[in-house]
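*Asks:* starting from these lines, generate the structure:
(one chain, ligands or ions: 1)
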Amino acid sequence: MSEQQTILVTGGASGIGLAIVEAALNEGWRAIIADRDPQSLDRCRDSFRQAPDRVRYETLDVADEEAVARTIARCAEEFGPITGLVNSAGIGSDIPAMDTSAALFRKILEVNLIGSFIVSREVARHMQAHGGGSIVNMASVSGIRGNSGRVAYGSSKAGVINMTQVMAVELAAAGIRVNAVAPGPIETPLVREMHTAESRAEWLRAVPLNRYGQPAEIAGAAIFLLDGSKASYVTGQTISVDGGFTTAGLRHN
Ligand code: NAD
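*Replies:* Got it, this is the predicted structure:
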């Protein structure tokens, strides 16, 4: 039986974040879903009706520094100490570097990198005062490899990996572990929007397990990293959950 937890999941109303909320509730934990999309939050309210006391819903833009601080303080006061954070809120693009505007680059950094930083810093302040916790950032294989079309997205995720390392080192003394998961292609609304039939075929060729992953397969890694009874000695790491994509070189089959 894993320890009791209260986790905050940004981007928790869809895709990978939603799968992490579902897995956390299955562990018997409590979850705060923070997402900027009120309609997705309403759908969550419907589907988690059976666990009303264990789920809380917050409309939040992770890039809004003041709103993040206010929301976290209010959640902690009304819902109790937050022991785990998952930064899953993210946006993407698939555009050649030569066609990428500075405005688009900034927008992606603002949400994926700076937004994750703001939420991590605010939650870590709270965790410092409550004996520690665990933070899990959603990176991407595009932050590890030079995938074409991902100049802004991949740079934001490479930043997330380094931010994970720096915060892991600085927060270790406070009992806060900080890790990241780097998913490969996972069947979610984000990917359905970004991948064409042609790019799907390319991904399948590049993934040794020869399939897209499911959100629940990322949730498994996130729950492990959140759980201090299982991942107590793991910090500063980025775990690729990618069907072998980042490992693969030349392949004959
Ligand atoms: P998704 O679009 O299904 O879910 C993302 C959620 O984040 C949405 O509910 C959206 O409303 C929310 N969001 C976006 N901007 C926000 C903001 N500024 N503030 C608060 N919420 C915001 O996407 P997903 O595929 O589940 O992706 C989740 C994370 O995993 C992202 O960080 C993404 O980059 C990363 N990732 C996904 C894949 C994949 O293949 N799906 C691969 C690698 C990494």
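
*Asks:* what is the neighbour count of Arg211?
*Replies:* When neighbours are counted by other C-beta atoms under 10 Å, Arg211 registers 13. C-beta here means a position set from N, CA and C on the backbone, and glycine is covered the same way.

*Asks:* now do the helices in the stretch 151-253 of the chain.
*Replies:* Assigned by DSSP state H, counting those that start in this stretch, the helices in the stretch 151-253 of the chain fall at 151-171, 189-194, 197-206, 215-226.

*Asks:* of those helices, which shows the lowest average pLDDT?
*Replies:* The minimum mean pLDDT among those belongs to helix 189-194 (a mean of 89).

*Asks:* can I get that helix in PDB? Just the C-alpha atoms.
*Replies:* Output of helix 189-194 as PDB, limited to C-alpha atoms (Å, rounded to 0.1, in the frame of the first residue of the first chain):
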ATOM      1  CA  PRO A 189      -5.600  15.200 -27.900                       C
ATOM      2  CA  LEU A 190      -2.300  17.100 -28.300                       C
ATOM      3  CA  VAL A 191      -0.800  14.500 -30.500                       C
ATOM      4  CA  ARG A 192      -4.000  13.900 -32.500                       C
ATOM      5  CA  GLU A 193      -3.800  17.700 -33.300                       C
ATOM      6  CA  MET A 194      -0.100  17.700 -34.100                       C
END
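
*Asks:* ok, and what's touching that helix?
*Replies:* Here helix 189-194 makes contact (C-beta atoms under 8 Å, 6 or more residues apart in numbering) with 14-15, 90-94, 185, 212.

*Asks:* ok, the spatially most central residue of the chain - contacts?
*Replies:* Nearest to the geometric centre of the chain sits Ser88, at 2.6 Å (C-alpha atoms, centre = their mean). The neighbours of Ser88, taking C-beta under 8 Å, 6+ apart as the test, are 9-12, 15-17, 20, 138.

*Asks:* which two in the residues you listed are spaced the farthest apart?
*Replies:* Greatest spatial distance among the contacts of Ser88 (C-beta to C-beta): Thr10 and Gly15, at 12.1 Å.

*Asks:* show the backbone phi and psi for Ile16.
*Replies:* With angles defined as degrees, to the nearest 10, Ile16 sits at phi -60, psi -40.

*Asks:* so how far is the ligand from it?
*Replies:* Counting by C-beta to the nearest ligand atom, to the nearest Å, the gap from Ile16 to the ligand is 4 Å.

*Asks:* ok, which stretches of the stretch 1-150 of the chain are helices?
*Replies:* So, for the stretch 1-150 of the chain - with DSSP H, counting those that start in this stretch - the helices run 15-26, 38-47, 65-79, 102-108, 116-128.

*Asks:* next, the angle from the longest one to helix 116-128.
*Replies:* Looking back up the chat, that one is helix 65-79. Helix 65-79 runs at 30 degrees relative to helix 116-128, counting by axes from the mean of the first three to the mean of the last three C-alpha atoms, to 10 degrees.

*Asks:* how about helix 65-79: buried residues?
*Replies:* Within helix 65-79, the residues that qualify as buried are 65, 67-69, 71-72, 75-76, 79, counting by 16 or more other C-beta atoms under 10 Å.

*Asks:* need the contact list for Pro185.
*Replies:* 191, 195, 203, 207, 212-213, 242-243, 245.

*Asks:* ok, now which ones touch Ala158?
*Replies:* 143-144.

*Asks:* start at 776 instead
*Replies:* Fine by me, first position is 776 from now on; the one you just mentioned is Ala933.
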